[in-house]
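**Student:** Give me the fold of what follows.
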Amino acid sequence: EFALSLQTIPLDDARSREEAVARVADAARTRPPGEWILGKGWDRNLWPDPSFPHRSDLDRVAPEHPVALDSKDLHSLWVNSLALRLAGITAATPDPPGGEIVRDARGEPSGILKEIPATDLVRRMIPRPGPAQVRRLLQEATRRAWARGVTAVHVPEDVWAFRFLQELHREGLLGLRVLVHLTEQSVDGAIQAGLQSGLGDDRLRVGGVKVFADGALGSRTAEMLEPYLTEPENRGLAVMEDGELQGLLLAASRSGISAVIHAIGDRANRRALNALERVREDEARRGVPRDRLRHRIEHVQLLHPDDLPRLAALDVIASVQPSHVVADMEMAERYWGPERCRLAYAYGSLWRSGARLALGSDCPVEALDPLAGIHAAVTRRRPDGFPSPEGWNPQERLTVEQAVWGFTVGGAYAAGEEGRRGSIAPGKLADLVVLSQDIFRTDPDAILETEVVATFLDGQAVYGAERL
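**Tutor:** Residues are numbered from 1 along each chain as shown. Below is the predicted model:
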C-alpha cells in the first residue's frame with residue numbers, strides 16, 4: 001500500500017479544501033479523459049472549514065476523470081460524480097453493513113464514503129497497476145524503508161499483493177522481511193487450505209487475519225462508549241458487530257490463525273477484548289499454549305480504565321504507533337475531552353500493566369520513520385515542542401529503552417520471531433542499523449536530529465555502504 005501511494009497525488013500538506021481541489025485540477029489538465037485520478041492524505045481537521053468536502057468540488061475541475069482521494073486516516077474516501085456513477089452508487093443505494101454513504105441535504109450521495117464496506121464500492125472499480133509498475137514502486141518503497149533503518153514490516157495485504165510478494169521472494173528480489181496479515185475477505189480460503197500463522201521463512205511469513213472493529217478518530221468513526229463532544233448523536237461506527245467478530249476469530253484460532261484487530265475507540269477496544277477473551281477461553285479448553293497464537297490489537301488508541309489491565313491478562317499484544325500521539329493530540333482533546341484522554345495512547349500505562357508492546361509507524365497513514373516514532377513515544381511532543389516541556393499526558397511517556405524495545409524485540413515477538421531477530425545477539429539474523437549518535441545518551445529532543453548512517457540486512461549493507 002505504501003508503494004502504490006507513491007504514485008498518488010499527495011494531499012497531506014493541503015491546508016484547505018481549495019488547495020486539495022487545485023492539485024486535482026492540475027492532474028486533470030495533464031491526463032486523458034477517463035483516466036482515474038488518485039490522491040491520498042487530505043485532512044479536513046486541518047482546514048479552516050473542517051466540514052466534509054462534496055463531490056461537486058471535484059466535479060468542477062475533473063468532470064471527465066473519475067476521482068478517488070483517500071483521507072489521511074484511510075477511513076474516508078472523497079470521490080466525484082463520475083466515480084459514483086461507475087460504482088453504481090445512487091440515492092437509492094443502501095449503506096453497506098459497517099460502512100456509510102454520506103448523503104447531502106437533498107438525500108444524494110455527497111461523495112464521501114466511510115469505512116471499507118463503503119469505500120470498496122469504488123475501490124473495486126479502480127484498475128490495478130501492471131506488474132512492471134508495481135515492481136518499480138516496490139523497489140522505491142524498499143529503498144525508502146532502508147534509508148529509515150527499516151528491515152522488516154508487518155502489513156495487511158490482499159491476495160493480489162500476497163501473490164506479488166511471493167513472486168518477488170521466489171526471484172530473490174524481496175528486499176524486506178514481510179509478515180503478511182490476511183484480509184477478512186481471504187480468511188475463509190486460508191482456513192480451507194489449512195494455512196496457519198507462521199508459515200513461511202525468514203523473508204516472507206503469514207501473520208494473522210486483519211479485521212476492523214471500528215473506524216478512526218479523524219473521520220469520527222472510531223466507536224465510542226460515550227458520544228463525541230461536538231457530535232452528541234455520534235458514537236462512531238461498528239464496522240464488524242460482536243457476533244460476526246467473535247465467530248470469525250474463533251474459526252481463525254481453531255485453524256491456527258491469530259487475530260489482528262483494528263480498534264481505535266474505547267467501545268471498539270472493549271468489544272475486541274471481549275472477543276479475544278472468548279477466543280482465549282476456547283484455546284484453553286483445547287490445550288493451546290498461550291504463546292502459540294500472538295493475538296494483537298492494532299492502535300489501542302483509547303481505553304476505558306476497566307479495560308486497561310485486560311491486554312496483559314489475556315496476553316494480547318498492543319500494536320501501537322507513537323506517531324499518532326503527536327498527530328492526534330489536539331484532535332483527541334477536541335472530540336474526546338481531557339478526562340477520556342487520560343488513557344488515550346496510553347503506552348506507559350500499558351507497559352506498567354505488563355502488556356506486551358509492539359511499536360510501528362502505521363505507514364502510509366504516518367511517515368515511515370522509527371526515529372520519529374521513538375521521539376514521539378519518549379517526549380509526547382511535536383517537533384516544535386507543543387504542547388509543553390513535559391509532553392501531552394506525560395505519565396504515558398516511554399523511556400528510550402522501552403521505545404527501542406518496542407520497535408525491535410516487540411515487533412519480532414508479535415511476529416513469532418523473537419528467537420531469530422529483534423536484537424543483536426549471537427545466532428540471530430544480522431539485521432541492524434548504524435546511527436549518527438547514541439540515542440540512549442543524547443537529549444530526547446535530539447533524537448530527531450539522528451541520521452541513519454547505514455542499514456544491514458542479513459549482514460549486507462543495503463543502505464549507506466559508501467559511508468562506512
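**Student:** give me the low-pLDDT residue ranges for the stretch 351-468 of the chain?
**Tutor:** The model of the stretch 351-468 of the chain has no residue with pLDDT under 70.
**Student:** Can you show me the helices along it?
**Tutor:** Taking DSSP state H, counting those that start in this stretch as the criterion, the stretch 351-468 of the chain contains helices spanning 370-379, 400-405, 411-414.
**Student:** right, so of those, which gets closest to D315?
**Tutor:** Among these, the nearest to D315 by Cβ to Cβ is helix 411-414 (11.0 Å). No exception for glycine: its C-beta is placed from N, CA and C like everyone else's.
**Student:** on contacts alone, who are the packing partners of that closest one?
**Tutor:** Contact here means 3 or more Cβ pairs under 8 Å, 6 or more residues apart in numbering; DSSP states H and E; on that basis helix 411-414 packs against strand 152-156, strand 317-320, strand 357-359.
**Student:** Against which helices or strands is the last one packed?
**Tutor:** In this case it means strand 357-359. In this structure, strand 357-359 makes packing contacts with strand 317-320, helix 347-353, helix 370-379, helix 400-405, helix 411-414, judged by 3+ Cβ pairs under 8 Å, 6+ apart.
**Student:** For the third one, enumerate the helices and strands it packs against.
**Tutor:** Applying 3+ Cβ pairs under 8 Å, 6+ apart, one finds that helix 370-379 makes contact with helix 323-336, strand 357-359, helix 400-405.
**Student:** from the chain's centre, how far out does that helix sit?
**Tutor:** Offset of helix 370-379 from its chain centre (Cα atoms, centre = their mean, to the nearest Å): 17 Å.
**Student:** Identify each buried residue in it, please.
**Tutor:** P370, L371, A372, G373, I374, H375, A376, A377, V378, T379 (16 or more other Cβ atoms under 10 Å).
**Student:** Of these, which is the nearest to Q196?
**Tutor:** Nearest to Q196 among these is P370, at 29.1 Å by Cβ to Cβ.
**Student:** Surely the closest one touches V150?
**Tutor:** Yes - contact criterion Cβ atoms under 8 Å: P370 and V150 qualify, at 6.6 Å.
**Student:** that older thread, quick one: closest of the helices and strands packed on strand 357-359 to T93.
**Tutor:** Using Cβ to Cβ as the measure, strand 317-320 is the one of the helices and strands packed on strand 357-359 that comes nearest T93, at 34.4 Å.
**Student:** Quick one: list the elements packing against the closest one.
**Tutor:** Using 3+ Cβ pairs under 8 Å, 6+ apart: strand 317-320 touches strand 296-299, helix 347-353, strand 357-359, helix 411-414.
**Student:** And the ones you listed: which comes nearest S71?
**Tutor:** Nearest of the helices and strands packed on strand 317-320 (Cβ to Cβ): strand 296-299, 15.8 Å.
**Student:** Identify the neighbouring strands of the closest one in the sheet and state each direction.
**Tutor:** With DSSP bridges as the test, strand 296-299 is paired with strand 259-263 (parallel), strand 317-320 (parallel).
**Student:** Run the chain-centre distance for the last one.
**Tutor:** Read that as strand 317-320. 12 Å.
**Student:** So for it, mean pLDDT?
**Tutor:** For strand 317-320, mean pLDDT is 98.
**Student:** re earlier: let me have the helices and strands packed on strand 317-320 in JSON lines, adding distance to L174 and mean neighbour count as columns.
**Tutor:** Formatted as JSON lines, the helices and strands packed on strand 317-320 follow (distance: least, Cβ to Cβ, whole Å; neighbours: other Cβ atoms under 10 Å):
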{"stretch": "strand 296-299", "distance to L174": "23", "mean neighbour count": "26"}
{"stretch": "helix 347-353", "distance to L174": "31", "mean neighbour count": "19"}
{"stretch": "strand 357-359", "distance to L174": "21", "mean neighbour count": "26"}
{"stretch": "helix 411-414", "distance to L174": "18", "mean neighbour count": "24"}
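**Student:** can I get those in JSON lines with distance to I126?
**Tutor:** Formatted as JSON lines, the helices and strands packed on strand 317-320 follow (distance: least, Cβ to Cβ, whole Å):
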{"stretch": "strand 296-299", "distance to I126": "25"}
{"stretch": "helix 347-353", "distance to I126": "36"}
{"stretch": "strand 357-359", "distance to I126": "31"}
{"stretch": "helix 411-414", "distance to I126": "31"}
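**Student:** Of all the ones you listed, which one comes closest to R270?
**Tutor:** strand 296-299 (10.8 Å).
**Student:** And the next helix or strand past that closest one?
**Tutor:** helix 310-314 (DSSP states H and E).
**Student:** shouldn't G422 be in contact with A412?
**Tutor:** Yes - here G422 reaches A412: they are 2.9 Å apart, a contact under Cβ under 8 Å.
**Student:** Secondary structure of A272: a helix, I assume?
**Tutor:** Yes - under DSSP: H, G, I helix; E, B strand; the rest coil, A272 sits within a helix.
**Student:** And it, how close does it get to G215?
**Tutor:** Distance of A272 to G215, given as Cβ to Cβ, to the nearest Å: 14 Å.
**Student:** can I get the helices of the stretch 351-468 of the chain in a markdown table with distance to K210?
**Tutor:** Below are those laid out as a markdown table (distance: least, Cβ to Cβ, whole Å):
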| stretch | distance to K210 |
| --- | --- |
| helix 370-379 | 20 |
| helix 400-405 | 24 |
| helix 411-414 | 13 |
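**Student:** Any idea which of those gets closest to R144?
**Tutor:** With Cβ to Cβ as the criterion, R144 lies closest to helix 370-379 of the helices of the stretch 351-468 of the chain, at 12.6 Å.
**Student:** what sits up against the closest one?
**Tutor:** If you take Cβ atoms under 8 Å, 6 or more residues apart in numbering as the criterion, helix 370-379 is touched by 148-150, 321-323, 325-326, 347, 359-361, 383, 391, 397-400, 402-404, 406-407, 435, 439, 444-445, 447-448, 450, 452.
**Student:** helices and strands around the helix or strand harbouring R280, which ones?
**Tutor:** Element membership of R280 [criterion: DSSP H and E] is helix 266-285. Applying 3+ Cβ pairs under 8 Å, 6+ apart, one finds that helix 266-285 makes contact with helix 242-254, strand 259-263, strand 296-299, helix 310-314.
**Student:** hmm, which of the contacts of helix 370-379 are the buried ones?
**Tutor:** Counted by 16+ other Cβ under 10 Å, the contacts of helix 370-379 give 148-150, 321-323, 325-326, 347, 359-361, 391, 397-398, 400, 402-404, 406-407, 439, 444, 447, 450, 452 as buried.
**Student:** Who are the packing partners of the helix or strand harbouring V178?
**Tutor:** In this assignment (DSSP H and E), V178 forms part of strand 177-183. Strand 177-183 sits against strand 152-156, helix 159-170, strand 204-212, with contacts defined as 3+ Cβ pairs under 8 Å, 6+ apart.
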